[in-house]
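Novice: sequence first, then the predicted structure, then my questions.
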Amino acid sequence: MSFPQVRTTALEFPATVLKLLGLEVPEGLFAPNEELLRKFNPKSVVIIMIDNFGLFEAVVYKPEALIKNMEVLALLETNDPYAMSLIKRLLRGHRTDFHLVQHAKNNGKVTRVICREEDMVQFDFDPSYTIRPRDDMATYIEATKHIFKSELLYLHFLDFESLYAQYGHRTPPKTLLEKIVRRTDNWIKVLLKQARIGTLFIVVGNHGRHPIPLDYDGKLAEWRKANSPIAMMFQKRA
């Protein structure tokens, strides 16, 4: 794959999203990534978090909708690429007194979070704007209901993580991985169709909840161990 790549950091992410939403950045946050600000001018932002999805899955299984629509592949440099630490950085930067979603809501943006119960507690999402689905299918269905009317929508898919956890140190069967990639890709394709013009999609892949030793070698091993989580970014344009 060959796409425009932007190197950014997890610490720049909160300010970048705020500026993309047309909001002022509170003092003390890391400055936004100017290269990303020049590339997009959205009316709303959708953040899709996928545990244990990254450059490896994108290269090997080639999700059609993501590859076709992607405008930028952002490499999110961070000291800890695993899900819990990364998501906290993306939501809070380096501060404990700031929360991206809450700040957007406090400044008049229509916000919605779709995640599991444990994530709501772990990442301090307020119950007033959080929907707690039972599985990825329910997450997708809820997203279709809210994508058109939300200005900041955050949703979290976990089936990749569950599959890797189930197989431990062994590589999950290619057919199962490919099935989940294609299914999730189709869901994103539908969400893109249902979103309003000007919606920016940020599909973030992290390294999962825990390190998982897998039996890849050669180039596959290099891709799987790629240091940076990724954000595949594209905007629905007129």
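Specialist: That came through fine. No experiment lies behind these values; they were computed from the predicted model shown.

Novice: mind checking how far residue 102 is from residue 126?
Specialist: Per Cβ to Cβ, to the nearest Å, residue 102 is found 6 Å from residue 126. In this view, the C-beta of every residue, glycine as well, is placed from N, C-alpha and C.

Novice: same question, residue 203
Specialist: 24 Å.

Novice: I'd like the next helix or strand past the top helix by length along the chain.
Specialist: In the chain, with assignment by DSSP state H, the single longest helix is helix 174-194. Per DSSP states H and E, the first helix or strand lying C-terminal to helix 174-194 is strand 199-205.

Novice: strand partners of that next one, parallel vs antiparallel please.
Specialist: Partner strands for strand 199-205, per DSSP bridges, with pairing direction: strand 44-50 (parallel), strand 230-235 (antiparallel).

Novice: now those in a markdown table, with mean neighbour count and mean pLDDT?
Specialist: A markdown table is the format used below for the strands paired with strand 199-205 (neighbours: other Cβ atoms under 10 Å; pLDDT from 0 to 100):
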| stretch | mean neighbour count | mean pLDDT |
| --- | --- | --- |
| strand 44-50 | 25 | 96 |
| strand 230-235 | 23 | 95 |
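
Novice: sketch out the low-pLDDT regions of this protein for me.
Specialist: 1-3, 159-176, 207-227 (pLDDT under 70).

Novice: mind listing the strands for it?
Specialist: 5-9, 44-50, 72-77, 111-114, 130-131, 152-157, 199-205, 230-235 (DSSP state E).

Novice: which of residue 203 and residue 126 has more neighbours?
Specialist: Shown here are residue 203 and residue 126; by other Cβ atoms under 10 Å, residue 203 has more neighbours (24 against 13).

Novice: list the contacts of that one.
Specialist: 48, 50, 66, 188, 231-233 (Cβ atoms under 8 Å, 6 or more residues apart in numbering).

Novice: got the contact list for the closest residue to residue 130 other than its chain neighbours?
Specialist: Nearest non-adjacent residue to residue 130, counting by Cβ to Cβ, 6 or more residues apart in numbering: residue 113, 4.5 Å away. Counting by Cβ under 8 Å, 6+ apart, residue 113 touches 101, 120, 125, 129-131, 153-155.

Novice: do that again at 10 Å, thanks
Specialist: Applying Cβ atoms under 10 Å, 6 or more residues apart in numbering to residue 113 gives the contacts 47, 101, 105, 119-120, 123, 125-132, 146, 150, 152-156.

Novice: show me what it bridges to in the sheet.
Specialist: residue 130, residue 154.

Novice: the closest residue to residue 158 other than its chain neighbours and residue 27: what is the separation?
Specialist: Leaving aside its sequence neighbours, residue 158 sits nearest to residue 51 (Cβ to Cβ, 6+ apart; 5.6 Å). Distance of residue 51 to residue 27, computed by Cβ to Cβ: 32 Å.

Novice: same thing with residue 39?
Specialist: The gap separating residue 39 from residue 27 is 26 Å, by Cβ to Cβ.

Novice: please say which of the two ends up with more neighbours.
Specialist: Per other Cβ under 10 Å, whichever of residue 39 and residue 27 has more neighbours is residue 39, with 17 against 5.

Novice: got the contact list for that one?
Specialist: Contacts of residue 39 by Cβ under 10 Å, 6+ apart are 4, 6, 20, 33, 71-72, 74, 200, 233, 235.

Novice: just residue 125 next, same as before
Specialist: 91, 99, 101-102, 111, 113-115, 119, 131-132, 154.
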